[in-house]
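In: Just to be clear, the model below is a prediction. Sequence and coordinates:
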Amino acid sequence: MEFIRPGINIDFIGRRKTAYLLSAAFILLTLLLLLFRGGLNLGVDFASGILIQVRFSHPTTPGEIREALRSIAMEDSLIQAFGQKGEFEYLIRVSESDIELSGLSNRVKKSLDGMFGEKNVEVRRVEMVGPKVGKDLREKALFAIFYALLFMVIYISGRFEYKWTMSIVMAASLAFGVYIISELGMSIIWLIAVALLITIGLCWFLRLEYALGAIIALFHDIIITIGAFALTNREVTLPVVAALLTIVGYSLNDTIVVFDRIRENYRRYRSRDFAEVINQSINETLSRTLLTSATTLIVVVCLFIIGGGVIHDFAFALLVGIVVGTYSSIYVASPALLIWRGQLWEGGAGLSGRRGKGS
Amino acid sequence: MSKKLQWRGFIVLLVIALALIYLTPSISKTLPSWWPNILPEEKIHLGLDLKGGMHLVLEVQTQKAVESHLERMVEDIKYSLRKAKIRYQELKRSSSDRIGLTLIRGEDRKAAEEMAANNFPDFAVESGAFGESDLRLELVLSQKAQQHIKSMAVDQAVETITNRIDQFGVAEPDIRPQGRDRILIQLPGIKDPKRAIDIIGKTALLEFKLVDEDNSLEEALKGTIPPGDEILYQIKGEPGSQRKIPFLLKKRAVLTGEYLTDARVRIDSQYSEPYVSISFDSRGARLFEQITGANIKKRLAIVLDAVVSSAPVIQDRISGGRAQITGRFTMEEARDLAIVLRAGALPAPVKIIEERTVGPSLGKDSIDKGLKSMITGGLIVILFMVFYYRFAGILADVALFLNIIFIAAGLAFFGATLTLPGIAGIILIIGMAIDANVLIFERIREELRLGKTPRAAVDGGYSKALVTILDANITTLIAALVLFQFGTGPVKGFAVTLSMGIIASLFTALFVTRVIFDYLIIERGMKKISI
């Protein structure tokens, strides 16, 4: 059975302007959201603070919980329902760093026991992260992102162009740039930003077109996934960062498959218009792209729906990342290859109906 | 069958057999008695987020250990000065790393410097503001000695906490130093996290201090504390309506928990209240006898972590080295106090800087929900593949099934820990592992469409898809390895299952399904591929 008929020829490249606008709108929306909200909603892992998941044996309202917490001056905590309906489960969160966190979970438990009776309260999860650990974890996460990007960039700049000397140049320049920055004592955020600029600059000057396309798609995916978190005001926790890095891998994976085919077809049809070759390659790999995304999406949706509250945000990140990653390998990464041929916006369109069906 | 194909088939069967052997201990309830002698019996470890339990990171306030070392050194220096007949005006710890000494006579300076150099080589002597002629000397503890004290404090804290946890009774605790001044504690399956925290976090510094009855407590409370004295409080009453009773005590402890050999819970026959009975070693017993003998009718305060637990009047000289700590304990509190006293005091106070507790019911929930989503997602994918690729789909499903077995066996083989994100990693792999097969099958379809024979199509499909498959998986593997390096606990579990899954899916897609295809086409002469 086949969803995508062989010989299908959808004019993806011809519609690239619409795709650019759509992507630009999403990225802009993300930036505006981040600006408006003053950054992401960081979970206790990074913001430090305490999170307590409590289950009550009978219906309880946030107001009652707040009342119980008043005795330990924690009535300002964030209290939100958690898990499925009919489970009377709540998350209590405090992110103030001036509160003494040591032993706080005990005090909360005691005050809840006092109000509702010890038997009716079950503390199911406590996550307390002190300011020092929070800072450590923030740094660790950023370093993980930094190194993941670093290795990916080195790998793809060598791999896509089969120019391993280029990737050595890339690695050396990055190492040098990063060394300068860390000598200057700048923060890891700057480290990542500078590494990025160096990478994109090098890709540009060394004409590593495939690498640049892949990197653009990668950031497109990450930014929009982050935007989805900002939009839904979900918490960014350690597992969510893990999901983001997985998306980095997944996004590249999709892009690589399409790019490999573009290179193969480019060698085969030297005389053809490059935009046309790209379009044909996307069409040829379309079946695989959609199929893989579909199977991955199926399992991630299952995880999202059935997996339970603890893993919910993690699954959400994967869900968004996979959808966006699939879209970007078709509409963002491949058209980005046209930058070098001056066809980023115009030309190369009108391929429709040349072969087989499709519009 | 051709030699080459035979070998490949043999390798596949061998790997599967090995995986099953490593998996058996985790699956079957009872192993035959001969099994552990020749075969692995390691089970898959479950992370704290699945098993339930507590993860703590403590910070040892190592600076405090240095300070209390300095306090002890002050006593030693006092003794040395007396022996060398050097008179001084003041001798005390002046900051976190030095002891200030103010002499009375300028001519003692040389002698004092010599005494310090000979008896206290860890200290460097610095002069006060007026240089050589100054009466003031500063004894500065060297960096090296400070480092030594700090690392000793962490080691000792680890040992003490290990002792306490052992006596408290937790199966398979994991307590280890982390970084410079931190201790990582993992207590799987703990029922009462609150008590565990109390037992771990208590410094349990037991001191006996004489009550200063020559000076007035009222004056001291107004702010003029006599030199060498301090005010400590006893806390009485129920929580909520607590009263603090002040005591004016001699700062110097006449006896500490250092000499303690045992601590037991006893029940007071009169009030049937529990108390803790402690016994000292022979040296402690001698000291105790001396002190009680010299201070009859005076009050001796028993101080635990700077809180007075009682201050009885000494009725008589006490020999035999026994004392009682009373306080209005519950049975549980008394038992826990006995545990921490037996295990000894922490060399410095500790602070909990990270706590993650998962109740057993939540852990079980997570396993249930994780497995449920895995089975649901897996079934849909399996059906989908059969539906879409027919016979080849079944091959992909076999590969998928083998992947999961290989991941699980890999977890057991490497002694890795399965966490909730780890289960998510397996679920993700179910979706992603299909990718390699899809890439191959799509290529085979293309080759078939070009009119190639099944054998040529399979050859072409595999060889053309190979590079792409390797590439695509390497990027994900890079991400997983970075996560493994930087991740903590649960996230590390995700990195582990993800990377194992990638390697397993490479093996099954490129090797296992190929062997089956080749067997069917070459040996069984399959003419048409159902794909």
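Out: The structure has been received and is ready for your questions.
In: Buried residues, the helix or strand residue B:82 falls within. List them.
Out: Using DSSP states H and E, residue B:82 falls within helix B:62-83. By neighbour count on 16 or more other Cβ atoms under 10 Å in any protein chain shown, the buried set for helix B:62-83 is B:62-70, B:73-74, B:77, B:81. Quick note: C-beta positions are derived from backbone N, CA and C, even for glycine.
In: Tell me which other helices or strands the longest helix anywhere in chain A touches.
Out: For chain A, the helix that runs over the most residues, judged by DSSP state H, is helix A:274-306. Helix A:274-306 sits against helix A:238-268, helix A:312-331, helix A:333-336, helix B:360-414, helix B:420-449, with contacts defined as 3 or more Cβ pairs under 8 Å, 6 or more residues apart in numbering or on different chains; DSSP states H and E.
In: Rounded mean pLDDT for it, please.
Out: For helix A:274-306, mean pLDDT rounds to 90.
In: rewinding a little: can you give the contact residues for the helix holding residue B:82?
Out: In this structure, residues lying in contact with helix B:62-83 by Cβ atoms under 8 Å, 6 or more residues apart in numbering or on different chains are B:87-88, B:91-93, B:96-99, B:101, B:112, B:115-116, B:119-120, B:123, B:139, B:141, B:146, B:149-150, B:152-154, B:180-181, B:252, B:347-349.
In: One more: stretch B:107-125?
Out: By Cβ under 8 Å, 6+ apart, stretch B:107-125 touches B:73, B:76-77, B:80-81, B:84, B:86-88, B:99, B:101, B:103, B:132, B:135, B:137-142, B:144-145.
In: hmm, back to that, save the buried residues of helix B:62-83 as TSV, and put in distance to residue B:48 too.
Out: What follows is those, written out as TSV (distance: Cβ to Cβ, whole Å):
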residue	distance to residue B:48
B:62	27
B:63	30
B:64	29
B:65	29
B:66	33
B:67	35
B:68	34
B:69	35
B:70	39
B:73	42
B:74	44
B:77	48
B:81	54
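In: Pick the one among those closest to residue B:288.
Out: Closest approach to residue B:288 among these (Cβ to Cβ): residue B:68, at 21.8 Å.
In: From residue B:163, how far off is that closest one?
Out: 20 Å (Cβ to Cβ, to the nearest Å).
In: what does residue B:359 give?
Out: According to Cβ to Cβ, residue B:359 and residue B:163 sit 26 Å apart.
In: Compare these two and say which is more crowded by neighbours.
Out: residue B:359 (22 against 16; other Cβ atoms under 10 Å in any protein chain shown).
In: Apart from its chain neighbours, what residue comes closest to the more buried one?
Out: Nearest residue to residue B:359 in three dimensions, chain neighbours excluded: residue A:124, at 4.3 Å (Cβ to Cβ, 6 or more residues apart in numbering or on different chains).
In: for stretch B:481-493, which positions count as buried?
Out: Residues of stretch B:481-493 classed as buried by neighbour count (16+ other Cβ under 10 Å): B:481-484, B:486-493.
In: If you could redo that for stretch B:95-105, that was the one I meant.
Out: B:97-101, B:103.
In: from the chain's centre, how far out does that stretch sit?
Out: Here stretch B:95-105 is found 39 Å from its chain centre; the criterion is Cα atoms, centre = their mean, to the nearest Å.
In: what's the answer for stretch A:202-216, then?
Out: Centroid separation for stretch A:202-216 versus its chain: 21 Å, with Cα atoms, centre = their mean.
In: near chain B at all, it?
Out: No: with Cβ under 8 Å from any Cβ of the partner chain as the criterion, chain B is not reached by stretch A:202-216; the gap is at least 9.2 Å.
In: for that stretch, what is the average pLDDT?
Out: Averaged over stretch A:202-216, pLDDT sits at 83.
In: sorry, back to before: distance between the helix holding residue B:82 and the chain's centre?
Out: Computed by Cα atoms, centre = their mean, the separation of helix B:62-83 from the middle of its chain amounts to 32 Å.
In: following it, which helix or strand comes up?
Out: Assigned by DSSP H and E, the successor of helix B:62-83 is strand B:88-95.
In: Within the sheet, what are the partner strands of that next one, with directions?
Out: Strand pairing for strand B:88-95, using DSSP bridges, gives strand B:98-103 (antiparallel).
In: Excluding its own residues, what touches the partner strand? List them.
Out: Residues outside strand B:98-103 that contact it (Cβ under 8 Å, 6+ apart) are B:70, B:73-74, B:77, B:81, B:86-94, B:109, B:112, B:123, B:126, B:135-141.
In: Over to stretch B:321-328?
Out: For stretch B:321-328, the external contacting residues (Cβ under 8 Å, 6+ apart) are B:206, B:208, B:266, B:268, B:273, B:275-282, B:284-286, B:288-289, B:302, B:304, B:309-310, B:337, B:341.
In: Just list what the lowest-mean-pLDDT helix or strand in chain A packs against, helices and strands only.
Out: Every helix and strand of chain A was ranked by mean pLDDT, DSSP states H and E. The lowest is helix A:164-183, at a mean of 76. Other helices and strands packing on helix A:164-183, by 3+ Cβ pairs under 8 Å, 6+ apart, are helix A:131-159, helix A:188-205.
In: do you know how far residue B:401 is from chain A?
Out: 15 Å (Cβ to the nearest Cβ, to the nearest Å).
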